[in-house]
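*Asks:* Kindly return the folded structure for what I paste below:
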Amino acid sequence: MSNDAATAEAAGTDEATPVPEPIPHGLGASLPPADARAKTEGTFPYAADLWAEGLLWAAVLRSPHPHARIVSIDTTHAREMPGVRAVVTHEDVPGVPLHGRGGRADRPVFASEAVRHHGEPIAAVAADHPDTARMAAAAVIVEYEVLDPVTDPEQAFEAEPLHPDGNLIRHIPLRHGDPEATGEVVVEGLYRIGRQDPAPIGAEAGLAVPRPDGGVELYLASTDPHADRDTAASCYGLSPDQVKIVVTGVPGATADREDQGFQLPLGLLALKTGCPVKLTATREESFLGHVHRHPTLLRYRHHADAEGRVVKVEAQILLDAGAYADTSSDALAAAVAFACGPYVVPNAFIEGWAVRTNNPPSGHVRGEGAMQVCAAYEAQMDKVAKKLGLDPAEVRLRNVLATGDVLPTGQTVTCPAPVAELLQAVRDFPLPALPKDTPEDEWLLPGGPEGAGEPAAVRRGVGYGIGMVHMLGAEGADEVSTATVKVQDGVATVLCAAVETGQGFTTLARQIVQDVLGVDEVQVAPVDTDQPPAGAGCRSRHTWVSGGAVERAAKMVRTQLLQPLAHQFGMSTELLQIADGKITSYDGVLSTTVAEALDGKELWATAQCRPHPTEPLDEAGQGDAFVGMAFCAIRAVVDVDIEIGSVRVVELAVAQDVGRVLNPAQLTARIEAGVTQGVGIALTENLRTPRGLIRHPDLTGYALPTALDTPDIRIVKLVEERDVVAPFGAKAVSAAPVVASPAAVASAVRAATGRPVNRLPIRPQAAVVTGN
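*Replies:* Okay, here's the model as predicted:
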């Protein structure tokens, strides 16, 4: 008889009382997000949901041209419209009129003399109704002298300067090894990567509220609130303490979430009218406003010996930055540094450029720089294997990096680099079964029941992609975060300006405090700029630096909690442990609960976390530029209809270097999301910009992968080899599968068709095989 049944029988009942499931607790558990219920029920507050008394509505007038000279701006008709409270242009920007991310302020709040891309802000309006605001914005008369746009980044070198800073944003020449080295086999390739839009599920929105002291509060889904505050203060002519940013719910962020072209006009209008002002972007405005992934042109030449070992890599990498610099310098550094991939390359000569064009601005999107070069170097590895008649996975295994190897930048890989283990895991995983040639299985064919060709025209292909990404900022970026942990009445509160963008930081912070202090109830305070800065939410930096700061603060509180007990029993705090809500000594003499020890106490501590410093790449592309790296291997299985060029991704097997699993459910979700984003890059996502004009700026014309497009994703191995310099030993999770999956899908299509497949996304004509 079970214990439950015995209990029920003793109580005289017919059924046993169900035993409640234990609540997940601490690091390593799948603790659910605290806001999961609210988001599921639709009650979670986003910026678009905010309201204030006396609210005005804003609209922004944007340029219909990618390149033009502004002859005049006439706001008379807009100002005279009933209900219009203010119209602002470049003349109304009281402070420094430039802004930008990545340390480069080169973008005006409003265009004044020239427009440099389609959708650039010209003016903004505040009115008492959103329709009135939009009509007033349309009533602003702008006389343009339309100019020929520069849309080909190769032409940017010779074109007239599009900006006072010139067309070249950065050039990185990397020199490593012997330039005269040659191999017995040489393969070359020209590759093009399209423009991916981050397409957040919720478009941009914000609310600006003027303050009595002449300042302003901005309620935004910012992913880097302190940087955005400083930029806003500079543009408004205010001191930073007069501008406060309150972070609202973030409805999706795989890139720089908020375009400052939305934020900055909001504050100007609130300051000018003295009223709260709200702006909610349409999907079209969202596409026009925020940054996109860098379209990239790559030329590669690989030299290898007869065994398939790479002798030398030569490459030219050209990033289209669009009209403004933004984070293009960072993206170029990653692209050049990782141009050879996670392979040992004794000789490497890479030239990288980021240039201005009149295309839409490019910026930080998950895996920037690394994703583009991964597609190219993995295609090159396939070519080496084909030319030598070797298995593509075997060629990769003969070249993979390991801990202690040296990158082409001269930096030694000191973190765990189990690349061979990852590749072997996906290679050896059983392949999926072939679809049957029966009518009920037509949906398994490329194109589905309505679009599939003949089953006899379907070919299966297997391909590989190995990606690497860097964690945190690079090239000397000061990565620091501050956190405070308070405990009162048995409840812990975490104060940290790390923004929850969907990456799971708030859940991680709760788990850390539970682990260190043994407190079940942990709350994470809302983020605003009254708190010390924590930096941008990208490249897994909040797991590392913000999580590290939370851990250090929690450990300081732990010491405060344990010191009186240790003193009472004449032992050091190191001899006491907290587990399952209890405090015990090593010898069992002391045993009490955390709740009893906390009774009547209010404890708090503040701590910082700052990783070891990095350095900029020098004039030869050499330097210890990265804090750490993470790796991912993916095997793709695809079915291709070689007559019509349709592709179905059957399965993606993933093995990833994660350092340590902190939350299994969140980790699985982030890997699956990253893989799915990569499938979109490989097959469907390409924001078309003929002559610099964004075509079909909506979710109908821009083909995001849906649930029906998502293949079977098999996480076959998670390598938990902890990085000793990282808090908890954890590594970046989301970006690495984004980097590797497009390359793996392209490799599989090459295997199925024998075609070169040198462009992403893969167009149908690239997968068609003629003469069969």
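*Asks:* So which residues of the stretch 451-600 of the chain form helices?
*Replies:* With helices called from DSSP state H, counting those that start in this stretch, the stretch 451-600 of the chain shows them at 505-517, 541, 547-568, 594-598.
*Asks:* Of all the ones you listed, which one comes closest to residue 142?
*Replies:* Smallest distance to residue 142 across the helices of the stretch 451-600 of the chain (Cβ to Cβ): 40.5 Å, for helix 541. Any C-beta I mention is one placed from the backbone N, CA and C, and that applies to glycine too.
*Asks:* So which residues make contact with the closest one?
*Replies:* For helix 541, contacts defined as Cβ atoms under 8 Å, 6 or more residues apart in numbering pick out 471-473, 479, 481, 535.
*Asks:* how about the helices of the stretch 451-600 of the chain, which one is nearest residue 384?
*Replies:* Taking those one by one with Cβ to Cβ, helix 541 is closest: 35.3 Å.
*Asks:* so how far is that closest one from its chain's centroid?
*Replies:* 11 Å (Cα atoms, centre = their mean, to the nearest Å).
*Asks:* coming back round to it: turn the helices of the stretch 451-600 of the chain into a markdown table, columns for mean pLDDT, distance to residue 199 and mean neighbour count.
*Replies:* Output for the helices of the stretch 451-600 of the chain, formatted as a markdown table (pLDDT from 0 to 100; distance: least, Cβ to Cβ, whole Å; neighbours: other Cβ atoms under 10 Å):
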| stretch | mean pLDDT | distance to residue 199 | mean neighbour count |
| --- | --- | --- | --- |
| helix 505-517 | 93 | 22 | 25 |
| helix 541 | 82 | 23 | 26 |
| helix 547-568 | 92 | 28 | 20 |
| helix 594-598 | 86 | 45 | 16 |
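*Asks:* Let's have the ones you listed in JSON lines, adding distance to residue 366.
*Replies:* Formatted as JSON lines, those follow (distance: least, Cβ to Cβ, whole Å):
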{"stretch": "helix 505-517", "distance to residue 366": "16"}
{"stretch": "helix 541", "distance to residue 366": "13"}
{"stretch": "helix 547-568", "distance to residue 366": "19"}
{"stretch": "helix 594-598", "distance to residue 366": "39"}
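*Asks:* Separate out the buried members of the contacts of helix 541.
*Replies:* 471-473, 479, 481, 535 (16 or more other Cβ atoms under 10 Å).
*Asks:* Which members of those are the farthest-apart pair?
*Replies:* By the measure Cβ to Cβ, 471 and 481 form the most distant pair in the buried ones among the contacts of helix 541, at 13.6 Å.
*Asks:* Just the ones in strands from the contacts of helix 541, please.
*Replies:* Applying DSSP state E to the contacts of helix 541, the entries found in strands are 471-473, 481.
*Asks:* burial count for residue 610?
*Replies:* Neighbourhood size, residue 610 [other Cβ atoms under 10 Å]: 13.
*Asks:* One more: residue 720?
*Replies:* For residue 720, using other Cβ under 10 Å, the count is 15.
*Asks:* Now do the same contact list for it.
*Replies:* Counting by Cβ under 8 Å, 6+ apart, residue 720 has contacts 658-661, 729.
*Asks:* got the domain boundaries for this protein?
*Replies:* 19-45+480-609, 50-147+203-251+257-289, 296-474+617-767 (automatic domain parsing).
*Asks:* Quick one: closest of those to residue 190.
*Replies:* The nearest among the domains of the chain, by Cβ to Cβ, is domain 296-474+617-767 at 5.4 Å.
*Asks:* The closest one - what's its average pLDDT?
*Replies:* Averaged across domain 296-474+617-767, pLDDT comes to 93.
*Asks:* ok, back up a step: just put the ones in strands among the contacts of helix 541 in CSV and tack on distance to residue 235.
*Replies:* Putting the ones in strands among the contacts of helix 541 into CSV (distance: Cβ to Cβ, whole Å) gives the following:
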residue, distance to residue 235
471, 31
472, 28
473, 24
481, 26
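*Asks:* Please spell out which residues along stretch 397-406 are buried.
*Replies:* In stretch 397-406, counting by 16+ other Cβ under 10 Å, buried: 398-401.
*Asks:* Am I right that residue 143 is in contact with residue 72?
*Replies:* Yes: with contacts counted by Cβ atoms under 8 Å, residue 143 reaches residue 72, the gap being 4.6 Å.
*Asks:* Have a look at those two and say which one is more surrounded.
*Replies:* Neighbours around residue 143 and residue 72, counted as other Cβ under 10 Å, are more numerous at residue 143. The numbers are 11 against 8.
*Asks:* ok, now which ones touch that one?
*Replies:* Per Cβ under 8 Å, 6+ apart, neighbours of residue 143: 70-74.
*Asks:* Let me know the closest of those to residue 434.
*Replies:* residue 70 (60.8 Å).
*Asks:* Using PDB, write out every CA atom in the one helix or strand that closest one maps to.
*Replies:* Following DSSP states H and E, one finds residue 70 within strand 68-74. Extracted C-alpha coordinates of strand 68-74, given in PDB (Å, rounded to 0.1, in the frame of the first residue of the first chain):
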ATOM      1  CA  ALA A  68      17.000  64.200 -51.200                       C
ATOM      2  CA  ARG A  69      18.000  67.800 -50.300                       C
ATOM      3  CA  ILE A  70      15.400  69.600 -48.200                       C
ATOM      4  CA  VAL A  71      14.700  73.000 -49.800                       C
ATOM      5  CA  SER A  72      12.000  74.100 -47.300                       C
ATOM      6  CA  ILE A  73       9.700  72.900 -44.600                       C
ATOM      7  CA  ASP A  74       6.400  74.700 -44.100                       C
END
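*Asks:* What is it packed up against?
*Replies:* If contacts are counted by 3 or more Cβ pairs under 8 Å, 6 or more residues apart in numbering; DSSP states H and E, strand 68-74 sits against strand 114-115, strand 121-127, strand 141-146.
*Asks:* Tell me which other helices or strands the following helix or strand past the longest one touches.
*Replies:* Note on strand 121-127: by DSSP H and E, the next helix or strand toward the C-terminus is helix 130-139. If you count contacts as 3+ Cβ pairs under 8 Å, 6+ apart, helix 130-139 packs onto strand 56-62, helix 76-80, strand 84-88, strand 121-127.
*Asks:* what packs against the last one?
*Replies:* Right, strand 121-127. On a contact count with 3+ Cβ pairs under 8 Å, 6+ apart, strand 121-127 meets strand 56-62, strand 68-74, strand 84-88, helix 130-139, helix 260-273.
*Asks:* For those, give me a markdown table that also has distance to residue 598.
*Replies:* Shown next, in a markdown table, are the helices and strands packed on strand 121-127 (distance: least, Cβ to Cβ, whole Å):
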| stretch | distance to residue 598 |
| --- | --- |
| strand 56-62 | 48 |
| strand 68-74 | 63 |
| strand 84-88 | 53 |
| helix 130-139 | 50 |
| helix 260-273 | 42 |
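*Asks:* looking at these, which has the lowest confidence?
*Replies:* Least confident of these, judged by mean pLDDT, is helix 260-273 with a mean of 92.
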